[in-house]
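*Asks:* Predicted model and sequence below, questions to follow.
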Amino acid sequence: MKLFSKVLVLTLVVVFQLSLVAMAQTPNLSLTVPKVSAAPTIDGVINDIAWVEASQVGAKVVVDLAHTGDKLTQFPRVAYVAYDDTALYVAFINYSPNPAALVTGNAVSSNDEVELFLLPPGKIYNNNDFQIIVDNAGEAKNGHLVNYVVNKTAIQWIVELALPWANYGVEPPQPGDEWSINLNGHQVADGDQWLCWNPTYGGFHNPSRFATLIFGE
């Protein structure tokens, strides 16, 4: 009887703790991105009118949360997102006190890197096809899908990329279409953290915790 009581108490404690985690999860975010008048030049310099247009309409996010959703990095990242009939465009600006000392040479996800998760409607998520990683040395996972450049300054490392719809095997989205997206990354040299825009409360491969990408006018 005593053993049963102990098991029951432990079970109730675990259920209560799990319910607290579930209650702590925030609603998924959404982002409306503009259809830009001119594609950015993919050169690692974030000075194109496309990024200005993205900023003007709020198509920018801060990637600063640990994947657990309960901690902030000291070195936030900013990402701008836009599109046209040719491609999706993303610019990651990542802050670091010493970009020259970032971690390289390991498997790409073990270095200082950025990640784009993009899931079209009607597609079934898998770990291989819908995740793009680019590290600070220019190594990539699914790099064949994107055109990208990595650039470093005194306090930033930048990843600017274009993901052509043709490479992704989809038709160009139309205004009002909704996809799933997340913008993530691994910070290593400046304190090991897995970072998210929309927190996944666990591993990154969790499409139920992706944000909604809304294609605007």
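*Replies:* Noted; the coordinates are in hand. Residues are numbered from 1 along each chain as shown.
*Asks:* okay, CA-based contacts and neighbour counts for the rest of this
*Replies:* OK.
*Asks:* Dig out what Val149 forms beta bridges with.
*Replies:* With DSSP bridges as the criterion, Val149 is bridged to Glu160.
*Asks:* I figured it was touching Glu160, is that so?
*Replies:* Yes: counting by C-alpha atoms under 8 Å, Val149 touches Glu160, with 5.5 Å between them.
*Asks:* Going along the chain, name the strands of this protein.
*Replies:* For the chain, strands defined by DSSP state E occupy the ranges 30-33, 60-66, 72-83, 87-95, 113-119, 131-135, 140-141, 147-152, 156-164, 178-187, 193-196, 211-215.
*Asks:* Could I get the ones you listed in a markdown table, plus columns for distance to His205, mean pLDDT and mean neighbour count?
*Replies:* A markdown table is the format used below for these (distance: least, C-alpha to C-alpha, whole Å; pLDDT from 0 to 100; neighbours: other C-alpha atoms under 10 Å):
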| stretch | distance to His205 | mean pLDDT | mean neighbour count |
| --- | --- | --- | --- |
| strand 30-33 | 18 | 99 | 21 |
| strand 60-66 | 14 | 98 | 22 |
| strand 72-83 | 20 | 98 | 20 |
| strand 87-95 | 20 | 99 | 24 |
| strand 113-119 | 9 | 99 | 23 |
| strand 131-135 | 9 | 99 | 23 |
| strand 140-141 | 14 | 98 | 19 |
| strand 147-152 | 23 | 99 | 19 |
| strand 156-164 | 20 | 99 | 23 |
| strand 178-187 | 10 | 99 | 24 |
| strand 193-196 | 12 | 98 | 24 |
| strand 211-215 | 13 | 99 | 21 |
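*Asks:* rewinding a little: shared neighbours of Val149 and Glu160, anything?
*Replies:* Common neighbours of Val149 and Glu160, using C-alpha atoms under 8 Å, 6 or more residues apart in numbering, are Ile42, Asp43, Gly44.
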